[in-house]
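Peer 1: After the sequence you'll find the predicted model.
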Amino acid sequence: MLEQDDFMALSKMNFDSSEEQRLVLEQVDRACREIRPIEEKCYLERRRNEMVKPIFGKAHMLGLPISRKYGDGQGADMVTYTMAMERIGREGTGVRTFFSVHIALGQLTIQSWGNEEQKQSILPGATKGDRLLAFGLTEPNSGSDPASLTTSFEEKDGKFVISGQKTWISNGSIADSVIIFAYPKGVREGMCAFIVDKKSEGFSTKFIENKLGLPTADTSTLYLDKVEVPKENLLGPRGKGLPVAYSGLMNGRLSVAAGCVGVMQDCLDEAVRYSRVRVQHGKKIGKHQLVQRHIGIISTNLEAARWLVLRAAFTKQKFAENPADVELRDAADLAIAKAKYYAANASFDAANRAVQVFGANGYSFEARPAQHLADTRVTSIYEGANEILEQKIALGALGREFEAYS
Ligand SMILES: Cc1cc2nc3c(=O)[nH]c(=O)nc-3n(C[C@H](O)[C@H](O)[C@H](O)COP(=O)(O)OP(=O)(O)OC[C@H]3O[C@@H](n4cnc5c(N)ncnc54)[C@H](O)[C@@H]3O)c2cc1C
């Protein structure tokens, strides 16, 4: 039983960074320093940051966990990839969301489920940033329950013809290819996944305005009106759309959790920096014990979240090395759910506390904590809303026979 072995498995985790990890983290740190002033400017102007792709492409970050066989893939393990996502998360949830979608939901899904021809056709360009990816699962009437989606496909003249609408799709307007999930027309079973070229006739997009946060990231609605997709673009076995979606979400969730740890680190750094200089009641506010309380709580939750995320990444890496091991898959799924659930909530709390430490000066988007407060709110909604993860985590303890939907 894996649960019983957990303690022993933990003791086998190596907490020292390898030379390879250090090199990757140095590269990602340089790119993050370069993106920060640009991201801050774009944030205040509320426009998409177009420099993410070129700056991180130059740092070889766009295909970090993808096999070296494909283009600029760096073959990084999941722990290294997760540490890079944490560092990127410090720059903001908008920047990190781009990576979660382009790499975790997009490239890793194609690397896991695609045939060699599909991988050769998509991954080299994706790892270099020449082909951006998005993941189209959510629809206006189908979110937490993806099995209820209504986008459908028919087979005509040796092609798939897809019609439907996807919404709240990250990278939706900037992507070149989108993984689209659809049922055969008139049926509510046998969901399939397709790699759809966005230039296809009948495919259009609309940018979603007025979001609460993530002003520098693209989130869009996609419209598919009889879009023709070649037969060879079916991703994974016919009828296995849901397992394809769930495996993508597992990777996506891990990167969201890591990004939240980065958000918490930035909130801590900002709160510490500010409370060392701001003076009230004749002393630096860092000397007031109730301000120290905020900093102590952020710091403790940060450490807890970071270990949960590293442990989840370690388990995911073991599953990546043994993809047929169903117990390992379930262990990784559960560890990732816990890490994402905890880190998402803790990052919002950290941003809220950092705003409090800043006082009125935190109540402006010119302060980084205010940006994090607005942006990290989404992390307990997307890639598994809190309520869905709470149920998944509870079932890990209760057993599947307690499944609420059966
Ligand atoms: C900025 C942003 C980016 C996104 N990017 C993508 C993307 O790239 N690709 C993509 O496919 N989707 C994306 N999404 C969509 C996201 O995955 C969904 O919002 C999420 O799955 C929740 O679905 P919903 O919003 O329709 O909420 P609903 O499913 O309508 O849920 C509403 C509320 O009810 C709760 N609820 C639902 N069912 C249950 C239940 N059984 N028990 C208890 N509570 C329940 C939910 O937890 C939630 O609190 C994005 C969303 C946002 C906001």
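Peer 2: Okay, I see it. Numbering: from 1, shown residues only.

Peer 1: Name the residues of the host helix or strand of residue 259 that are buried.
Peer 2: Using DSSP states H and E, the secondary-structure element containing residue 259 is helix 241-277. Buried residues in helix 241-277, counted by 16 or more other C-beta atoms under 10 Å: 241-242, 244-245, 247-268, 270-271, 274-275. From N, CA and C alone the C-beta is placed, and that goes for glycine too.

Peer 1: Mind checking what helix or strand follows it in sequence?
Peer 2: With elements assigned by DSSP H and E, the helix or strand that comes after helix 241-277 is strand 279-280.

Peer 1: partners of that following strand, with directions?
Peer 2: strand 283-284 (antiparallel) (DSSP bridges).

Peer 1: how deep is residue 332 tucked in, by neighbour count?
Peer 2: By other C-beta atoms under 10 Å, the residues close to residue 332 number 24.

Peer 1: okay but it is in contact with residue 311, surely?
Peer 2: No: Residue 332 is beyond contact range of residue 311, at 10.2 Å (criterion: C-beta atoms under 8 Å).

Peer 1: tell me the mean pLDDT for the helix holding residue 259?
Peer 2: On average, the pLDDT along helix 241-277 is 98.

Peer 1: and if you look at stretch 358-377?
Peer 2: The average pLDDT within stretch 358-377 is 98.

Peer 1: Contacts for it next, please.
Peer 2: Outside stretch 358-377, the residues that touch it by C-beta atoms under 8 Å, 6 or more residues apart in numbering are 43-44, 92-94, 212-214, 260, 263, 266-267, 270-271, 274, 278, 344, 347-348, 350-352, 354-357.

Peer 1: what about burial for these, which qualify?
Peer 2: Among the contacts of stretch 358-377, the ones that count as buried by 16+ other C-beta under 10 Å are 43, 92-94, 213-214, 260, 263, 266-267, 270-271, 274, 278, 344, 347-348, 350-352, 354-355, 357.

Peer 1: distance of the residue positioned nearest the centre of the chain from residue 197?
Peer 2: Per C-alpha atoms, centre = their mean, the C-alpha nearest to the average position across the chain is that of residue 100, at 3.3 Å. Distance, residue 100 to residue 197, using C-beta to C-beta, to the nearest Å: 22 Å.

Peer 1: got it, and residue 355?
Peer 2: Using C-beta to C-beta, residue 355 is found at 43 Å from residue 197.

Peer 1: in the sheet, who's paired with residue 230?
Peer 2: Bridge pairing for residue 230 (DSSP bridges) gives the partners residue 159.

Peer 1: Number the chain from 58, please
Peer 2: Sure, I'll start numbering at 58, so the last one becomes residue 287.

Peer 1: wait, it sits on residue 214?
Peer 2: No: the pair residue 287 / residue 214 is not scored as a contact, 10.9 Å apart, by C-beta under 8 Å.

Peer 1: Neighbour count: those two, which is higher?
Peer 2: When residue 287 and residue 214 are compared for neighbours, residue 287 comes out ahead with 14 against 6, by other C-beta under 10 Å.

Peer 1: still on that earlier bit, Provide a list of residues in contact with the residue nearest to the centre of the chain.
Peer 2: Counting by C-beta under 8 Å, 6+ apart, residue 157 touches 142, 227, 309, 312-313, 316, 440.

Peer 1: Enumerate every residue touching the closest residue to residue 398 other than its chain neighbours.
Peer 2: Distances taken as C-beta to C-beta, 6 or more residues apart in numbering put residue 446 closest to residue 398, at 4.3 Å, once the chain neighbours are dropped. Applying C-beta under 8 Å, 6+ apart, one finds that residue 446 lies in contact with 394-395, 397-398.

Peer 1: How about the contacts made by the residue in the chain that the ligand sits nearest to?
Peer 2: Taking C-beta to the nearest ligand atom as the measure, the point where the chain comes nearest the ligand is residue 200, at 1.8 Å. Contact partners of residue 200, counting by C-beta under 8 Å, 6+ apart, are 225, 442.

Peer 1: hmm, the helix holding residue 316 in reach of the ligand?
Peer 2: No: no part of helix 298-334 sits close enough to the ligand to count as contact by C-beta under 6 Å from any ligand atom; the gap is at least 8.2 Å.

Peer 1: Report how many residues lie close to residue 116.
Peer 2: Neighbouring residues of residue 116 were enumerated by other C-beta under 10 Å; the total is 20.

Peer 1: looking at the protein, which residue ends up farthest from its center?
Peer 2: When each C-alpha in the chain is compared with the mean C-alpha position (C-alpha atoms, centre = their mean), residue 339 comes out farthest, at 44.1 Å.

Peer 1: okay, it: pLDDT?
Peer 2: Residue-level pLDDT assigned to residue 339 equals 98.

Peer 1: what's the spacing between it and residue 313?
Peer 2: 43 Å.

Peer 1: Same check on residue 246?
Peer 2: Summarising the geometry, the distance separating residue 246 from residue 313, computed by C-beta to C-beta, is 29 Å.

Peer 1: who's in contact with stretch 169-176?
Peer 2: Residues external to stretch 169-176 that are found in contact with it (C-beta under 8 Å, 6+ apart): 127, 167-168, 179, 250, 252, 289-290, 292-293, 297, 301, 304, 380.

Peer 1: Just among the residues you listed, which is most surrounded?
Peer 2: The member of the contacts of stretch 169-176 that has the most neighbours, counting by other C-beta under 10 Å, is residue 250 with 29 neighbours.

Peer 1: Looking at the strand or helix carrying that one now, give me its mean pLDDT.
Peer 2: Secondary structure assignment for residue 250, by DSSP H and E: strand 249-254. Taken as a whole, strand 249-254 has an average pLDDT of 98.

Peer 1: Going toward the C-terminus from it, what's the next helix or strand?
Peer 2: Under the assignment DSSP H and E, the closest C-terminal helix or strand after strand 249-254 is strand 260-264.

Peer 1: How about residues contacting that next one?
Peer 2: In this structure, residues lying in contact with strand 260-264 by C-beta under 8 Å, 6+ apart are 229-230, 253-255, 275-282, 284.
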